[in-house]
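**Student:** Requesting a structural model of the entry that follows:
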Amino acid sequence: MNTEFTVTLAQGHDTTTGLKIIEAQYIEHVYKTSRYNQAKAAKNLGLSRGCLRMKLKEYFGNQYV
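**Tutor:** Residues are numbered from 1 along each chain as shown. Take a look at the predicted model:
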């Protein structure tokens, strides 16, 4: 399992927007490396499963929920 995670932000992003982009990308990365297992991904992220589902819905709509 590849656990390496890197982020590149475009110049000019403000901190809030940049952090949301990083969070979304990191959640997606952990979710995929957890083989789309929500319980495992939530545990690896230190979130409840419900919080993970809320963030997946917020960032990705119905793609993963």
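**Student:** and residue 11, what element?
**Tutor:** Applying DSSP states H and E as the criterion places residue 11 outside every helix and strand.
**Student:** Identify the residues contacting it.
**Tutor:** Listed by CB atoms under 8 Å, 6 or more residues apart in numbering, the contact set of residue 11 is empty. In short, each C-beta sits where N, CA and C put it, glycine included.
**Student:** how close does it sit to residue 39?
**Tutor:** 38 Å (CB to CB, to the nearest Å).
**Student:** Ok, residue 60 next?
**Tutor:** In terms of CB to CB, residue 60 sits 18 Å off from residue 39.
**Student:** So if I had to pick from these two, which one is more boxed in?
**Tutor:** Using other CB atoms under 10 Å, the more surrounded residue of residue 60 and residue 39 is residue 60, with 14 against 11.
**Student:** The more buried one contacts residue 28, correct?
**Tutor:** Yes. The pair residue 60 and residue 28 passes the contact test of CB atoms under 8 Å, sitting 7.2 Å apart.
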